[in-house]
Structure formats: structure tokens, C-alpha cells
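>>> Build me a model:
(one chain, ligands or ions: 2)
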Amino acid sequence: MAIREIVEFPDPRLRTKAQPVTVFDADLKRLVADMFETMYEAPGIGLAATQIDVHRQLLVLDVSEEKNAPLVVINPRIVQSEGKQVYQEGCLSVPGIFADVERAERIRVEAQDVDGKPVTIEADGLLAVCIQHEMDHLLGKLFVDYLSPLKRELVRKKLAKQRRNAEPAAVGV
Ligand code: GNR
Ligand code: NI
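Ligands and ions are numbered 1, 2, ... in the order given. Next up, the predicted model:
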């Protein structure tokens, strides 16, 4: 297992549209294991393959308090959605930024598990938010895209400043 580097906004690789997973083999299982390790270490409650520069329709989630409810979702499609909820979202690719986003309250998702077996997931509340957030990543979309262009520009500047302050120039001693 390995922790993978998480790509951050405004990196254009986050705009890549993911392709379906077609091969359910040992490589896929290794990729899923790396994604869980990367997500738990971050720590986050979800991770889309897009965020580690793998452009396949694959996401992992664990919205439990105890971090004992791992969920793998492959080639997901939302087949039903109802209601509305607003949740203050964050994103590992947009670190330190939080903003309210409106999404469906309840969704039904048809997907596949790591063996390729069809699964149906009924989700509401935070799990529904997280699945919709991750599915956006697979389309090259970020939660900051729901903000006004002005606010998005402020986010970009704040991230640039955070990076300047976090990474002092490497000078020898
Ligand atoms: O860790 C995460 N927390 C979170 C909080 C509110 C709404 C969505 C999320 S997903 C995020 C991890 C992430 O960036 N997944 O793509
Ligand atoms: Ni995210």
C-alpha cells in the first residue's frame, strides 16, 4: 500500500473526465487500497480517483465516526434523487476552504463493487453529500465551481498564499 499525492485546485488535471473501470483485477484492488490509505491519512471522508490523477470512475468513502465503514463505488450512476440539503463542504483538493453547497437530500446509486458485482446504494444526509461530491470529481467538477467566479478567484488566491506560507524556499544551511 502507498499514500498517493493529492492533486490540488487549480491544477488542470482535476478537470479530466474519468473513464469507466472495465478491468476488475489485482491492480484495481491495489489502487483501491492506496486510495483508502490516502483518504484515511489525509484525513478525509471520501476520495475520488481523479484526485490522485487516476482518471477512472472510482471512489472510496467512509463517513463513519469510527472509520470502520469503508465503501468502494465504481462506475456510479445516480438513478433517483429527491429533496434538497445544504452542507458546508470541504475538499482535500481545496485544502482549508469550506463553503455551503446545495445537493439532493436522498439518492439511489447503481454502481459496481471492487469485484465488478452490481450494487445499489441508498444514501441520505452526509453520505449522499459525499457521493455527489465525489461523483462531481469524476466529471472534472469541484465544489468551488458552485461559488460565484469572484469567490472562486478569492479561493485560488487564498490557496496560493497558504502555499507560499507553508513552503518556505529550500535554502541550504
Ligand atoms: O473529507 C472530505 N470532507 C467533506 C466534507 C463535506 C463535504 C464533502 C466532503 S468530501 C472531502 C474529501 C474529498 O475531497 N473528497 O473528494
Ligand atoms: Ni473533494
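>>> and the residue in the chain positioned nearest to ligand 1, how many residues sit next to it?
Closest residue of the chain to ligand 1, Cβ to the nearest ligand atom: residue 44 (3.1 Å). From N, CA and C alone the C-beta is placed, and that goes for glycine too. Applying other Cβ atoms under 10 Å, we find 19 residues neighbouring residue 44.
>>> That one: what's it in contact with?
residue 92 (Cβ atoms under 8 Å, 6 or more residues apart in numbering).
>>> Surely it is in a strand?
No - applying DSSP: H, G, I helix; E, B strand; the rest coil, one finds residue 44 to be coil, outside a strand.
>>> most residues in a single helix of this protein, which one?
The residue-count maximum for a helix in the chain (DSSP state H) belongs to helix 149-166.
>>> any idea how far residue 117 is from the residue of the chain closest to ligand 1?
26 Å (Cβ to Cβ, to the nearest Å).
>>> same thing with residue 14?
Using Cβ to Cβ, we find residue 14 at a distance of 29 Å from residue 117.
>>> Which one of the two is surrounded by more residues?
Between residue 14 and residue 117, counted using other Cβ under 10 Å, the more crowded position is residue 14 (20 against 10).
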